[in-house]
Every structure is written in C-alpha cells, then in structure tokens.
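1. coordinates only, sequence not included:
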C-alpha cells in the first residue's frame, strides 16, 4: 500500500515499477516448433532431433521439448536471438530445462552462447569453440556429474574453480545462471541457489594480485624440520646381530626323505620372535626449528584489475553442441534475459506448475516397469522349470529304452 500523501513513497514505487518493466527478453523458446533452429551441415554432427514431451510429463502439450533421438551421436542446433544482447550495466540471465529421461550414462546437457553473426550451419570442431559462454550439466559415469560455467575472456576459455553438482535423475530440472554488473554470479537449479560468488575469485580471469618475490629464497641455514633424532640415543650392542628369520626349531627331516632323490634336506625358516626390526633413534624436538619458511610476496606487476569481466556486448545466438552415448534428453523452456524477475516468473509458469504431475507419472511408469519385469522373470523361471522337467522325462525314457534293449 502506498500512501498517496507521501510523495517519497510514490516516487519509490514508481521507480520500482519502472525498473521491473525495463527487463527485456532476448530469446525465448518453448519448442512449439523448430522454426527458429538451424542444424549443422557438417557430417559429424548428424544426430537427429525431434519434438517430444517424453514418456512422463506434467502436460503433454506444454512440456513438449527438443529431444535427442540417436545413441552415440554428435548433435548441433543453433538459433539466433530476437535481438543482440549487450549486458552493459545489466544482469545476464540464462535459463533452460533438461530432462535426462534415458537415465544418461555419458553426455552433455549444456547450452552455448555465441556472438552475433555466428553461422550455425557451419558449426564444426573449430567453430564450436568460438562460444562466449557455456553453461549447463555434464554427466559421464560416476566421476563427472557437474554444472559447467565457462566464460571466454580475452580469447581464452575459463572454467569455474568450484565443483557444482548437477542433477542425475530422469526428471526435468531447470538450470539458471545469473551474471551481475558487480561481477558476481549465481547458479540455481530448480530455482534454488547452488553456487554464488565473485567472478574474479572463482575463475582465473586475472593475473594474481601478488606473486612470490623472485629475489627471495629460503636461507641455506633455515631449519624447517620440527623433530630430529636424539643424539644421545645409541643403538644397543648386538642389535644388528639378531636375524629377521631363524630355522624352525619344531621342524624335523621327514622319515621318507631321500637325500639322493630329494637333495639335501634344509629346515624351513620362520620369523624370529626376538627380531626388533631396523633400529631408529628416538625423536625429539629440534631446538633450531624455525617453522615453515614462507616465501615473501610482492605486488604482481602484471596484475590489472578489470570491472568489465561480466560484460558481453554482442551475444546473438544460442546452440546445443553435444555428444551423447545414450539419447533421450529433452530440453525445454529456454530463456535469455536481463531480468531475474522474468526468469523467476517463467520458471513458476512452466516448471513449478508441472513438476509434481511429472513425478507422479514417472513413479507410475517405474512401478509398471518393475511389475512387468517381475512378470517376465517369473515367466522365464516357469519356462526353465518346464524345460528341466521335459529333460528329466526324456532322460528317464532313454534309460528305460536302454534297459529294454539289454533284455
């Protein structure tokens, strides 16, 4: 409620509404068709796509997405933005959903953003690396289950230093990346924050602020060993005369041992119970210990701060560039915007309204699958038992026939 008599509150409300209205959507795709998309003409990227909502969903029509359909294939599909995006002094928001319905074992589920003018028909091994941003889940076996956040900065790709775990079930999940003008970022999954921080700290965009002083080195007389051998401790006399093994006193030459045939008999060796191992002096604290030597640091002459790391001035295309061992992933509800509020609203409109119904349908499908597998298992066991009974009857008939022939 805004008090009409309070001009400051009215001005603040107007400003808030104005800021909310400033948000712009540069690309939005719900996959009602593939009209926006261009497939690579390069032979290697020949994986076929089709529109599908899969076997479980919240709404068959609304949840139709882009699906990979062939195993062990490279996929490439590109679409241009409705308008080139320059996020100077604005948020950059990338959001899309992924459903690995096939229970993916190895394959990507990420998107790539390219500068304007990128030709999707010629996407190949070289041009696919010309992206500005790569974001989304990647799974391969048990070792790799992470969310990629990669930025190209001054011609070099920089990977996030944090490990962000992705979802690996067979349901739909929404991945959101927010990059802010203050050089901070947020990664969300299903609207829940999974990682956040500073672009300058969580990527190696910049040279380190400090470096080890090249003119300094550890002094030769620096003692960094905290413990030392006790010089007063001496090895007992006869320590080294005790053998590790001795002849087994319980052993005796077998009565049937023949020296001519078997060779000279030698008693077996056993571990010596009196053997104490290699002698080591007692350890004491080193009186000359100075602690670990720390290399002095100095300002890095090559360090140069940059407050424009977040800034991409000409984003113009989005692409799926993937390898999948097992196909069946469904992508949907792609959004590129400068408004976090727009992304939140789109998530609520799509994912939030369907996830419970999709989970219910998935659970029902899994239950039916297990029941079918159990029926098939029982049928196979019954068939195997019947085969065994037939084999036993055949064996009995063969034995009876053989006995009759002998008579």
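-> Received the coordinates, thanks. Remember, it's a predicted structure, so these values are computed and weren't measured experimentally.
2. Quick check: which ranges of the protein have low pLDDT?
-> The chain contains residues with pLDDT under 70 at 1-22, 402-407.
3. hmm, try it at 90
-> 1-23, 141-143, 255, 257-262, 353, 365-366, 368-407 (pLDDT under 90).
4. for the longest helix along it, packing partners?
-> What stands out as the longest helix in the chain, according to DSSP state H, is helix 353-406. Helix 353-406 sits against strand 172-179, with contacts defined as 3 or more CB pairs under 8 Å, 6 or more residues apart in numbering; DSSP states H and E. Where C-beta positions appear, they are placed from N, C-alpha and C, glycine not excepted.
5. orientation of the strand it packs on relative to helix 353-406 in degrees?
-> 140 degrees (axes from the mean of the first three to the mean of the last three CA atoms, to 10 degrees).
6. Following element in sequence after strand 172-179, please.
-> strand 184-189 (DSSP states H and E).
7. quick one: that following strand to strand 172-179, angle?
-> Using the same axes, to 10 degrees: strand 184-189 against strand 172-179 is 180 degrees.
8. So residue 139, which state does it fall into?
-> strand (DSSP: H, G, I helix; E, B strand; the rest coil).
9. Kindly state the beta-bridge partners for it.
-> Applying DSSP bridges to residue 139 gives these bridge partners: residue 107, residue 145.
10. That one reaches residue 100, doesn't it?
-> Yes. Residue 139 is within contact range of residue 100, at 7.2 Å (criterion: CB atoms under 8 Å).
11. Could you look up the SS state of the closest residue to residue 116 other than its chain neighbours?
-> Nearest residue to residue 116 in three dimensions, chain neighbours excluded: residue 316, at 2.9 Å (CB to CB, 6 or more residues apart in numbering). The three-state label given to residue 316 by three-state DSSP is strand.
12. Against residue 173, how distant is residue 355?
-> 9 Å (CB to CB, to the nearest Å).
13. anything in contact with each of the two?
-> Shared contacts of residue 355 and residue 173 (CB atoms under 8 Å, 6 or more residues apart in numbering): residue 190.
14. check contacts around residue 36.
-> Counted by CB under 8 Å, 6+ apart, residue 36 has contacts 29, 79-80.
15. the helices in the stretch 51-200 of the chain, which residues?
-> All helices of the stretch 51-200 of the chain, identified by DSSP state H, counting those that start in this stretch, fall at 199-202.
16. Now do the strands in it.
-> Using DSSP state E, counting those that start in this stretch, the strands of the stretch 51-200 of the chain run over 65-68, 73-85, 92-100, 106-108, 111-115, 133-140, 144-153, 156-159, 172-179, 184-189, 192-198.
17. To residue 287, which of the ones you listed lies closest?
-> strand 192-198 (45.0 Å; CB to CB).
18. what about residue 68, neighbour count?
-> 27 (other CB atoms under 10 Å).
19. Can you tell me how far the closest residue to it other than its chain neighbours is from residue 78?
-> In space, residue 68 comes closest to residue 327 once its chain neighbours are excluded; the distance is 4.2 Å by CB to CB, 6+ apart. Separation of residue 327 from residue 78 (CB to CB): 19 Å.
20. swap in residue 170?
-> If you go by CB to CB, the gap between residue 170 and residue 78 works out to 27 Å.
21. And residue 39, by the same measure?
-> Distance from residue 39 to residue 78, by CB to CB: 8 Å.
22. The two: which is more packed in?
-> residue 78 (23 against 18).
23. residues touching the nearest residue to that one once chain neighbours are set aside, list them.
-> Nearest residue to residue 78 in three dimensions, chain neighbours excluded: residue 120, at 2.6 Å (CB to CB, 6+ apart). Applying CB under 8 Å, 6+ apart to residue 120 gives the contacts 37-40, 76-79, 317, 319.
24. could you redo the last one with a cut-off of 7 Å?
-> Residues near residue 120 by CB atoms under 7 Å, 6 or more residues apart in numbering: 38, 40, 78, 317, 319.
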